[in-house]
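Engineer: sequence first, predicted coordinates after that:
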Amino acid sequence: MAEKNLAPEAGAEGELTLERVNVAPAQTWNRLRTNDITLTVPVRGRKGDVYFSLPRLFEGVECGMGGAVTDWVESQARGARYVEVPRDEKREEPIVVAVGSGDVADTGVMVRAGAEATIVVAAGDLTKVTGSSVRSGTSASLLRVIVEAGARVHLHEYVRVGSDQQHLESVGISAARDARVDVHQYLLGGGTVALGLACDLAGERARVDLGCRYHAGGTEVLDINEVVRQRGRNTRSELSYNGVLEDAAKKGLRTTIDLVHGAKGAQGNEAETVLVLGDDVVNKTLPTILCDEDDVAGNHGATIGSVSPEQLAYLADRGLSRADAEQLFVSALYEDALMHAPCPEARLLIGDSPQLTETFDEVEEA
Amino acid sequence: MSTQLLNVSALSAGTEDKPILHGVDLAVGEGECHVLMGPNGAGKSTLGHVIMGDPAYRVTAGSISFAGEDVTELSADKRSLAGIFLSYQAPVEVPGVPLYSFLRSICQMRPELKTTARKFRQRVGEIADQLELDQGFLMRELNVGFSGGEKKKIEMLQLLLLQPKLAILDETDSGLDVDALGIVSRGIQAYREQVGGALIVITHNTRILERLDVDRTHVMVKGRMVAEGPAELIADIDARGFERFERGAGQDEAACVDCPGCPKAGDAQ
């Protein structure tokens, strides 16, 4: 246990500006305004609070949003939660990090060698689960995962916060030899959602498969920074992004595959598909492949545009007008999120979305 | 004689810069099965797309009426909701939309097909089994990464699900192996039996017709209807080809006066 030691004084409220966070390792011209994001977050005086901190081992795990956000979350979380999955154990029950409006969560998960675990971060209006009545403000989740040799981790991130809310999600993963990590991200709206993920493929043949699906509309802001450092030999990363932007939404996506010196035989692939449905959408992407080794392969591909005339014609032949067709792409995203939700908390976040054409609620139907 | 469902009258149409169809007439009664044949480039697929309301084509003369309504100016989505279905020769890939979501959405557009999610899943599952389509495909993106045969089965899945009054099958048999062709043929037969809808089958291959009772056969050459006859005409074409029809169409080219701006009969290429 340790004591919080923060300004302002205990009980006092304040604000802190986190300048230039969620930064990619390699940057482009500042005038393009795509290198980082600056966020203003609340600071609650916690001096004198007693809390549990994570084992120091987690301090070495790089997190996607950077050190400033890590420090802020550690200072604001009521306490850190540590979960360990014992060696060779397949944990059936998911490790759920439920982040309601205004909540700040600090979580560390140790998955021992040969073990398997599912981790779910569900951030949004979870009043049905937590009973919390707060519906505005800033929420955050800091998740650090250490995946030992041969272990498997399935990480699901569901974020759907209100249009007047801000959510920060910072993830750090360290994967040892033969470890496998699959990440499923559904970012389905919020006033400002900033997500950073850093995955260190440290051991030989470690692998990460990441699928991110997102939707932003109105004047929502979505900022994503994801870094995969491939240090081990024959490591593999597959990053896939698929999203829909409507109205005047703003999205920034920075992805970095870092093929570090010594990572012979490493392969990294990144692909993005963005559907732009609004005239005032701002869509910025900064894909980067850093390479300091000869025997490696890195690929990047992007498709950005609207629904093609051929697709519109095909969908019209099935009874969908242009507006219906465009809405289909949005509702399909929410339905996909709902169908793949691994726990009730994630389902609750999506279940009442107006974008859904049905609830898939077997109990309700019965 | 059955009640008339589709009436294409003196229809001329084409792309912005090229006429393709010239004064085409076609009448299909409710529940009838018509076969449309012709050499490559005759305009058969174009006719299917024009009946469906594809915005890539412009109607320059004539009219299309369906179920007693003039639909010549109606958009494709409205024609679809009215009960016309076009099965694509090469179905379009739609990344980002799972097949299941797509099927659910197109059924939700039709009040008569609205049902609970549970019943819908059951219905889709039954049809998928009938077509020997892996139900895991329902979670995959629409037509993305499917083989040619799987795409055709998905077209048949939609046909059986939507139960249209008129189905236009544009070379649904092309690219299918013998087994897949049998499954698709059974799907078409099921549509006829369960829905009782009318069919216009565009094909070069008579094998797909073996299970169907054909009412009329039409032959199209260079954008014109050049012959019409009973089901027996199919066997005749199978044995003798289209040459005699093409010769006849060549003689008529100079008389192509009914299509404004058309110097002579065109082709669909």
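Structural biologist: Cool, the structure landed.
Engineer: CA only for contacts and neighbour counts going forward, please
Structural biologist: OK.
Engineer: what separates the residue sitting nearest the centre point of chain A from A:Tyr241, distance-wise?
Structural biologist: For chain A, the residue sitting closest to the mean C-alpha position, by CA atoms, centre = their mean, is A:Leu195 at 4.8 Å. Using CA to CA, to the nearest Å, A:Leu195 is found at 13 Å from A:Tyr241.
Engineer: swap in A:Ala151?
Structural biologist: Applying CA to CA, the value for A:Ala151 to A:Tyr241 is 25 Å.
Engineer: can you check what pLDDT the model gives the residue nearest to the centre of chain A?
Structural biologist: Here the pLDDT value assigned to A:Leu195 is 97.
Engineer: strands paired with the helix or strand harbouring it, and their directions?
Structural biologist: Using DSSP states H and E, the element containing A:Leu195 is strand A:192-201. According to DSSP bridges, strand A:192-201 forms sheet pairs with strand A:165-175 (parallel), strand A:221-230 (parallel).
Engineer: quick one: contacts for B:Asp77?
Structural biologist: B:Asp77 makes contacts with A:315-321, as judged by CA atoms under 8 Å, 6 or more residues apart in numbering or on different chains.
Engineer: could you dump these to JSON lines with neighbour count, distance to A:Ala98 and secondary structure?
Structural biologist: Shown next, in JSON lines, are the contacts of B:Asp77 (neighbours: other CA atoms under 10 Å in any protein chain shown; distance: CA to CA, whole Å; DSSP: H, G, I helix; E, B strand; the rest coil):
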{"residue": "A:Leu315", "neighbour count": "24", "distance to A:Ala98": "38", "secondary structure": "helix"}
{"residue": "A:Ala316", "neighbour count": "26", "distance to A:Ala98": "41", "secondary structure": "helix"}
{"residue": "A:Asp317", "neighbour count": "26", "distance to A:Ala98": "43", "secondary structure": "coil"}
{"residue": "A:Arg318", "neighbour count": "31", "distance to A:Ala98": "40", "secondary structure": "coil"}
{"residue": "A:Gly319", "neighbour count": "27", "distance to A:Ala98": "40", "secondary structure": "coil"}
{"residue": "A:Leu320", "neighbour count": "25", "distance to A:Ala98": "37", "secondary structure": "coil"}
{"residue": "A:Ser321", "neighbour count": "18", "distance to A:Ala98": "39", "secondary structure": "coil"}
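Engineer: among these, which are within reach of chain B?
Structural biologist: When contact is defined as CA under 8 Å from any CA of the partner chain, the contacts of B:Asp77 meet chain B at A:315-321.
Engineer: follow-up on the earlier one: any chance of CSV for the strands paired with strand A:192-201, columns mean pLDDT and mean neighbour count?
Structural biologist: What follows is the strands paired with strand A:192-201, written out as CSV (pLDDT from 0 to 100; neighbours: other CA atoms under 10 Å in any protein chain shown):
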stretch, mean pLDDT, mean neighbour count
strand A:165-175, 97, 26
strand A:221-230, 97, 26
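Engineer: show the pLDDT at B:Phe146.
Structural biologist: 90.
Engineer: where do the helices sit along the chain?
Structural biologist: Since you didn't name a chain, this refers to chain A. Remark: helices assigned in chain A by DSSP state H are A:67-76, A:127-130, A:309-316, A:322-339, A:344-351, A:362-365.
Engineer: to clarify, I was referring to chain B.
Structural biologist: Taking DSSP H as the test, the helices found in chain B are B:44-52, B:76-82, B:99-108, B:117-130, B:148-162, B:178-194, B:232-240, B:243-252.
Engineer: so what's A:Leu259 up against?
Structural biologist: With CA under 8 Å, 6+ apart, A:Leu259 has these contacts: A:229-231, A:266, A:289-293, A:296.
Engineer: who's it bridged to?
Structural biologist: A:Gln230, A:Cys291.
Engineer: let's see the pLDDT reported for the residue of the stretch 151-300 of chain A found nearest chain B.
Structural biologist: Per CA to the nearest CA, A:Asn242 is where the stretch 151-300 of chain A lies closest to chain B, at 7.2 Å. The score at A:Asn242 is 92. That number is its pLDDT.
Engineer: try the one 3 residues further on
Structural biologist: pLDDT, the model's per-residue confidence, is 96 for A:Leu245.
Engineer: below-threshold pLDDT in the stretch 1-150 of chain B: ranges please.
Structural biologist: In the predicted model of the stretch 1-150 of chain B, residues B:1-2 satisfy pLDDT under 70.
Engineer: do the same with the stretch 51-200 of chain A
Structural biologist: Confidence mapping of the stretch 51-200 of chain A against pLDDT under 70 gives the ranges A:126-136.
Engineer: count the residues that sit near A:Glu92.
Structural biologist: 9 (other CA atoms under 10 Å in any protein chain shown).
Engineer: contacts only, for the nearest residue to it once chain neighbours are set aside.
Structural biologist: Nearest non-adjacent residue to A:Glu92, counting by CA to CA, 6 or more residues apart in numbering or on different chains: A:Ala117, 7.1 Å away. By CA under 8 Å, 6+ apart, the residues touching A:Ala117 are A:85, A:90-92, A:94-95, A:111, A:152-154.
Engineer: repeat for A:Met65
Structural biologist: A:21-23, A:169-171, A:195-197, A:225 are the contacts of A:Met65 under CA under 8 Å, 6+ apart.
Engineer: next one: A:Glu93
Structural biologist: Contact partners of A:Glu93, counting by CA under 8 Å, 6+ apart, are A:Thr118.
Engineer: if we can go back for a sec, turn the contacts of A:Leu259 into JSON lines, columns for distance to B:Arg104.
Structural biologist: Output for these, formatted as JSON lines (distance: CA to CA, whole Å):
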{"residue": "A:Arg229", "distance to B:Arg104": "41"}
{"residue": "A:Gln230", "distance to B:Arg104": "41"}
{"residue": "A:Arg231", "distance to B:Arg104": "45"}
{"residue": "A:Ala266", "distance to B:Arg104": "41"}
{"residue": "A:Ile289", "distance to B:Arg104": "40"}
{"residue": "A:Leu290", "distance to B:Arg104": "43"}
{"residue": "A:Cys291", "distance to B:Arg104": "45"}
{"residue": "A:Asp292", "distance to B:Arg104": "48"}
{"residue": "A:Glu293", "distance to B:Arg104": "48"}
{"residue": "A:Val296", "distance to B:Arg104": "43"}
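Engineer: of all these, which two lie farthest apart?
Structural biologist: The two members of these with the most space between them (CA to CA) are A:Arg231 and A:Ile289, at 13.7 Å.
Engineer: okay, these two: which has more neighbours?
Structural biologist: Neighbours around A:Arg231 and A:Ile289, counted as other CA under 10 Å, are more numerous at A:Arg231. The numbers are 22 against 19.
Engineer: the residue lying closest to B:Pro230 once chain neighbours are set aside - how many residues pack around it?
Structural biologist: Nearest in space to B:Pro230, with sequence neighbours left out and distances taken as CA to CA, 6+ apart, is B:Arg216 at 4.8 Å. By the measure other CA under 10 Å, the count of residues near B:Arg216 is 20.
Engineer: check the gap between B:Arg216 and B:Leu36 for me.
Structural biologist: Between B:Arg216 and B:Leu36 the computed distance is 9 Å (CA to CA).
Engineer: before we move on, the earlier item: out of the helices of chain B, which gets nearest to B:Gly68?
Structural biologist: Per CA to CA, nearest to B:Gly68 of the helices of chain B: helix B:76-82, 11.1 Å.
Engineer: restrict that closest one to CA atoms and write it as PDB.
Structural biologist: Written as PDB, here are the backbone C-alpha positions of helix B:76-82 (Å, rounded to 0.1, in the frame of the first residue of the first chain):
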ATOM      1  CA  ALA B  76     -34.200   0.600 -58.200                       C
ATOM      2  CA  ASP B  77     -34.900   0.400 -54.500                       C
ATOM      3  CA  LYS B  78     -38.600   1.100 -55.000                       C
ATOM      4  CA  ARG B  79     -38.800  -1.400 -57.800                       C
ATOM      5  CA  SER B  80     -37.100  -3.900 -55.500                       C
ATOM      6  CA  LEU B  81     -39.600  -3.200 -52.700                       C
ATOM      7  CA  ALA B  82     -42.400  -3.600 -55.300                       C
END
